[in-house]
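Undergrad: this one's structure only:
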């Protein structure tokens with residue numbers, strides 16, 4: 001089963017990215033240093049970095065039932081979310097928002113949208129990793145019904161903090177049966 005290119009929540013529209021979104025993505029959040037501290041990917045330095053992300057997103061959508069989604073509030077791009085598949089039954093999710101969209105409940109709403117989509121696609125385990133110091137993201141996942149599965153030691157890089165250094169990650173998950 002393939003995911004739809006667009007998923008609507010109460011206040012948000014989540015849609016598959018297109019090549020024409022590069023400048024908006026770069027300018028709204030991907031090139032913004034303020035959003036980067038706890039990301040698992042480096043802040044984009046150039047528009048070419050964003051174009052590489054879009055090529056990656058397109059490849060994910062071709063290979064799997066879904067991939068990255070852009071988050072829109074009305075007609076305004078505010079961030080991205082998505083599903084990253086490891087297998088047909090296991091995927092991860094996450095989100096990134098532009099600073100002016102922080103603290104409004106959009107992250108929780110977007111994650112809940114991905115949780116619903118994951119269940120519809122037959123995913124058995126959906127998880128997310130959070131830097132142990134990022135309490136706001138942990139709270140988003142808790143509000144979305146993910147359980148705290150504990151700390152995975154030295155397993156992920158947070159390249160905007162310490163490039164090349166593996167750090168601990170707090171794992172959150174939900175299982176569908």
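TA: Done, it's in. No experiment lies behind these values; they were computed from the predicted model shown.

Undergrad: What about the nearest residue to residue 121 once chain neighbours are set aside, how many residues nearby?
TA: Nearest non-adjacent residue to residue 121, counting by C-beta to C-beta, 6 or more residues apart in numbering: residue 65, 5.0 Å away. In short, each C-beta sits where N, CA and C put it, glycine included. Using other C-beta atoms under 10 Å, residue 65 is surrounded by 19 other residues.

Undergrad: Pull up the per-residue confidence for residue 65.
TA: Residue 65 is assigned a pLDDT of 98 by the prediction.

Undergrad: Likewise for residue 131?
TA: pLDDT recorded at residue 131 is 96.

Undergrad: close enough to count as contact, it and residue 169?
TA: Yes: using C-beta atoms under 8 Å, residue 131 is in contact with residue 169, at 6.8 Å.

Undergrad: In this structure residue 170 contacts residue 151, no?
TA: Yes: counting by C-beta under 8 Å, residue 170 does reach residue 151; the two are 5.6 Å apart.

Undergrad: quick one: the strands in the chain?
TA: For the chain, strands defined by DSSP state E occupy the ranges 6-8, 12-15, 68-73, 76-87, 90-97, 125-130, 147-157, 166-175.
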